[in-house]
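K.L.:
Have a look; sequence and predicted model below, questions after that.
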Amino acid sequence: MRIRFAGVRAGGVLACALALSAPWLPAHAAEPPTDGVSFQHKDWALQCDNTRTCRASGYQSEAGDSEPVSILLTRKAGPNTPVQMDLQVYSEKIGLAALELRVGKLSLRDLEGHDNARVPAGQVPRLLQELLKNDQATVTSGKDQWTLSLAGASAVLLKMDEAQGRVGTPGALARRGTQAESSVLPAVPVPVVTAVRPLPERKGDAALARPLLSAIDAKEVSERCNGDAPKPADVQVYRLTDRKVLLSIPCAMGAYNFGALNWLANDRPPYQPQQLDAEGEFDAADGSIRASMKGRGIGDCWSLQVWHFDGKGFVLTEESSDSMCRGFAGGAWQLPAYVTKVVLPPTPVSKKP
């Protein structure tokens, strides 16, 4: 059973063991990059997306014996923005009693909810102070107990302040000062991607599988796909435009991941297939390719990438991953590294005869 709690309103495919090693930014840096900032230290990790929204997550110690527990702090960019906290525990029991979070001198009781319950906003500032002063926090439910490690929290929250330009301001989490709150970096607008819906399949499109296969490097495909040679019967050809098609070949990647390799090609000689970075399943309804990969076999961490067809090629529109593999079945959080707003034309309405 998983219970999610929340509180202070706070990319290739990623694996769970990503080295989140973006360099530290000096406190005086004016404009951190807006293509996402990642950082990891001990039992805590940070992921900021391209809009400067940042999410910090902490877990139980990997060396300890606690069952999975995690806390998530989310904060949008800009002056005077609040922090949101989400607390999550994992248990095989059904119907856990209300949770109690204890850290330092603070005890927050009767935290309960189903998918998302929030710590009262008024408790957030004090809770943040205690998280930075202590080595661990405990979560209890009746006789059940989880231990949340705070090792790495200070470094990660300082990194969050740096990424958002908050160091030295009253609203900083880890290093406050008297600089004007107006000096905090603003949010970056969400990029807009105008996508194009694929065309319906045409007679003869399926027959393109064989000549398109002959035009690609089958040996390379076999090496990428656990030695499985591509077969015409397994290949899919999708109509994109009047002259362009997508060649998609199912592919077993590693011990426990499955996806597809994709090529953009002409629908007549010369076919000139161009392999895409987008490796995943194609959705003809909205012209997207989606890749979802497990970081390890037990499925406690995942990564996701999505691309959309814009009429000329496939552009990245979404990227996210878990920060760490720490025992949550299905993963604990999906932390966006890249976000966009995808605009699609209306779905054509078929006319009745």
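P.N.:
Yep, that arrived. Numbering: from 1, shown residues only.
K.L.:
CA only for contacts and neighbour counts going forward, please
P.N.:
Will do.
K.L.:
Report the contact partners of N262.
P.N.:
For N262, the contacting residues are L246, L247, S248, I249, Q275, L276, D277, A278, E279, G280, by Cα atoms under 8 Å, 6 or more residues apart in numbering.
K.L.:
Would you verify that it is located in a strand?
P.N.:
Yes: when DSSP: H, G, I helix; E, B strand; the rest coil is applied, N262 is found to be in a strand.
K.L.:
Please, which helix or strand holds the residue nearest to it when sequence neighbours are not counted?
P.N.:
For N262, ignoring the flanking residues on the chain, the nearest one in space by Cα to Cα, 6 or more residues apart in numbering is S248 at 4.5 Å. Under the criterion of DSSP states H and E, S248 resides in strand 244-253.
K.L.:
Then T81?
P.N.:
Following DSSP H and E, one finds T81 outside all helices and strands.
K.L.:
Kindly list the main-chain dihedrals of the closest residue in space to R268 that isn't next to it in sequence?
P.N.:
For R268, the nearest residue in space outside its immediate sequence neighbours is R243; the separation is 7.8 Å by Cα to Cα, 6+ apart. Phi and psi for R243, reported as degrees, to the nearest 10, are phi -120, psi -10.
K.L.:
tell me which residues form a beta bridge with Q145?
P.N.:
Counting by DSSP bridges, Q145 is bridged to T140.
K.L.:
neighbours of it, just the number please.
P.N.:
Counted by other Cα atoms under 10 Å, the residues lying close to Q145 total 17.
K.L.:
correct me, but it touches R102?
P.N.:
No: contact between Q145 and R102 fails when scored by Cα atoms under 8 Å: they sit 10.8 Å apart.
K.L.:
shared neighbours, the two?
P.N.:
Common neighbours of Q145 and R102 (Cα under 8 Å, 6+ apart) are T138, V139.
K.L.:
quick one, what contacts the residue nearest to R268?
P.N.:
N266, D267, R268.
K.L.:
Derive a PyMOL selection command for the buried subset of these.
P.N.:
The following PyMOL line selects those of the contacts of R243 that are buried, judged by 16 or more other Cα atoms under 10 Å:
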select buried, resi 266+267
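K.L.:
Just give me the neighbour total for A260.
P.N.:
Counted with other Cα under 10 Å, the burial measure for A260 works out to 21 neighbours.
K.L.:
and which of the contacts of N262 is nearest Y238?
P.N.:
Set against Y238, the nearest of the contacts of N262 by Cα to Cα is L246 (5.0 Å).
K.L.:
Please report how far that closest one lies from K219.
P.N.:
20 Å (Cα to Cα, to the nearest Å).
K.L.:
okay, these two: which has more neighbours?
P.N.:
Looking at L246 and K219 with other Cα under 10 Å, you find the greater number of neighbours at L246, namely 24 against 13.
K.L.:
Show me the shaky parts of the stretch 1-150 of the chain.
P.N.:
1-35, 112-117 (pLDDT under 70).
K.L.:
Could you do the stretch 251-353 of the chain as well?
P.N.:
Residue ranges of the stretch 251-353 of the chain with pLDDT under 70: 348-353.
K.L.:
ranges for the helices of the chain?
P.N.:
With DSSP state H as the definition, the chain shows helices at residue ranges 124-133, 153-163, 209-214, 218-224.
K.L.:
These into CSV, with extra columns for distance to I298?
P.N.:
Conversion of those to CSV gives the following (distance: least, Cα to Cα, whole Å):
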stretch, distance to I298
helix 124-133, 30
helix 153-163, 26
helix 209-214, 34
helix 218-224, 22
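K.L.:
Can you tell me which of those helices is packed in deepest?
P.N.:
Mean neighbour count, computed with mean count of other Cα atoms under 10 Å, is highest for helix 153-163 among these, reaching a mean of 25.
K.L.:
what is the mean pLDDT for that helix?
P.N.:
Model confidence over helix 153-163, given as mean pLDDT, is 98.
K.L.:
ok and that helix relative to helix 124-133, angle-wise?
P.N.:
For the pair helix 153-163 and helix 124-133, the angle between their directions (axes from the mean of the first three to the mean of the last three Cα atoms, to 10 degrees) equals 120 degrees.
K.L.:
what comes into contact with helix 153-163?
P.N.:
Taking Cα under 8 Å, 6+ apart as the rule, helix 153-163 contacts 24-27, 32, 37, 39-41, 43-46, 48, 52, 54, 56, 58, 131-132, 167, 172-175.
K.L.:
Which of those residues are buried? Put it as a ChimeraX command.
P.N.:
Selection of the buried residues among the contacts of helix 153-163 in ChimeraX, burial being defined by 16+ other Cα under 10 Å:
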select :32,37,39,40,41,43,44,45,46,48,52,54,56,58,131,132,167,172,173,174,175
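K.L.:
Which ones among the contacts of helix 153-163 lie within strands?
P.N.:
V37, F39, Q40, H41, W44, A45, L46, C48, C54, A56, G58 (DSSP state E).
K.L.:
Since that was my last question, I'll sign off now.
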